[in-house]
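**Q** Structure for the following, please:
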Amino acid sequence: MKTEFIRLLQQTELEGMEKIVSNLERLGFFEAPASTRFHLSIPGGLVQHSISVCKAAINIRNIAIAEKPDLESKLPMKSVILVALLHDICKAEIYKTSFRNVKNEQGIWEKVPAYETDYSHFPMGHGEKSVIRLMQWGVKLTKDEMLAIRWHMNAWDIPFQSYEALGNLNAAKEQCPLLTILQTADMLSSMIYED
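**A** Numbering: from 1, shown residues only. Below you'll find the predicted structure:
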């Protein structure tokens, strides 16, 4: 998976890609699960999810352009790949192994391996943490790339039901088709492809 991830990332022709990969390795990105117990809650699930989102985003982009050719200039392939592969780097350092109790087939409680989250390393919101990390690493993101990564969780990541944040999300959707591509690819991957 790591090799495939790097191969796809190379298509973006990002400057300093070695630094990005090194930082992802340092944070445990390639070993981390994608979630605590939902989709791809397995070692390496995060990189597997990122690749799945990337492939889905490329397909959705191509369908959208076939239907509406003027979208091609707003959906550069490099941007689609970049946001899809790097949208969840915020998760790289938050998971730690633990145990949880579940009932086995006989109805008896037993401890099984699980993951839990620990946000203490860099307690920042989901999408914005990914954007900030990338910028710290010297990645020059376009406005659309920032918006897509920041808002990829859609309304699931709006703090305290903030009307201001909802307004920002809606404004981002109106001006950034890349955001819709990423949101759709993320949902398809996590809810359908990764069962």
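**Q** what's the longest helix anywhere in the chain in contact with?
**A** When the chain is parsed with DSSP state H, its longest helix is helix 45-67. Contacting residues not belonging to helix 45-67 are listed as 1-2, 4-5, 8, 29-30, 32-35, 39-40, 42, 71-72, 75, 77, 80-81, 83-88, 91-92, 177, 181-182, 184-186, 188-190, 193-194 [C-beta atoms under 8 Å, 6 or more residues apart in numbering]. Where you see a C-beta, it was placed from the backbone N, CA and C, and this is true even at glycine.
**Q** What segments of this protein are helices?
**A** According to DSSP H, the helices that the chain contains are 2-10, 17-27, 45-67, 77-86, 126-136, 143-150, 163-175, 177-188.
**Q** Low-confidence regions, this structure specifically.
**A** 154-167, 169, 195 (pLDDT under 70).
**Q** same thing but 80
**A** Applying pLDDT under 80 to the chain flags the ranges 38, 123, 125, 154-174, 195.
**Q** rewinding a little: relative to helix 77-86, how tilted is the longest helix of the chain?
**A** 150 degrees (axes from the mean of the first three to the mean of the last three C-alpha atoms, to 10 degrees).
**Q** Just the buried positions in helix 45-67, please.
**A** Residues of helix 45-67 classed as buried: 45-58, 60-61, 64-65 (neighbour count, 16 or more other C-beta atoms under 10 Å).
**Q** do the same with stretch 183-195
**A** For stretch 183-195, a neighbour-count test (16+ other C-beta under 10 Å) marks 183, 184, 185, 186, 188, 189, 190, 193, 194 as buried.
**Q** what does that stretch contact?
**A** By C-beta under 8 Å, 6+ apart, stretch 183-195 touches 34-35, 38-40, 48-49, 52-54, 56-57, 60, 84, 87, 151-154.
**Q** circling back: take the helices of the chain and write them to a markdown table, including distance to residue 108.
**A** Below are the helices of the chain laid out as a markdown table (distance: least, C-beta to C-beta, whole Å):
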| stretch | distance to residue 108 |
| --- | --- |
| helix 2-10 | 39 |
| helix 17-27 | 38 |
| helix 45-67 | 28 |
| helix 77-86 | 42 |
| helix 126-136 | 37 |
| helix 143-150 | 44 |
| helix 163-175 | 45 |
| helix 177-188 | 36 |
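**Q** between these, which one is nearest to residue 111?
**A** helix 45-67 (20.8 Å; C-beta to C-beta).
**Q** how about that closest one as CSV, C-alpha atoms only?
**A** Provided in CSV are the C-alpha atoms of helix 45-67 (Å, rounded to 0.1, in the frame of the first residue of the first chain):
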residue,chain,number,x,y,z
GLY,A,45,-6.3,1.1,7.1
LEU,A,46,-5.6,4.8,6.8
VAL,A,47,-3.3,4.5,3.8
GLN,A,48,-5.7,1.9,2.2
HIS,A,49,-8.6,4.4,2.7
SER,A,50,-6.6,7.3,1.2
ILE,A,51,-5.8,5.2,-1.9
SER,A,52,-9.5,4.1,-2.1
VAL,A,53,-10.6,7.8,-1.9
CYS,A,54,-8.1,8.7,-4.6
LYS,A,55,-9.3,6.1,-7.1
ALA,A,56,-12.9,7.1,-6.4
ALA,A,57,-12.1,10.8,-6.8
ILE,A,58,-10.4,10.2,-10.1
ASN,A,59,-13.4,8.3,-11.4
ILE,A,60,-15.9,10.9,-10.2
ARG,A,61,-13.8,13.7,-11.7
ASN,A,62,-13.7,11.9,-15.1
ILE,A,63,-17.5,11.4,-15.0
ALA,A,64,-18.1,15.0,-14.1
ILE,A,65,-15.9,16.3,-16.9
ALA,A,66,-17.6,14.0,-19.4
GLU,A,67,-20.9,15.4,-18.4
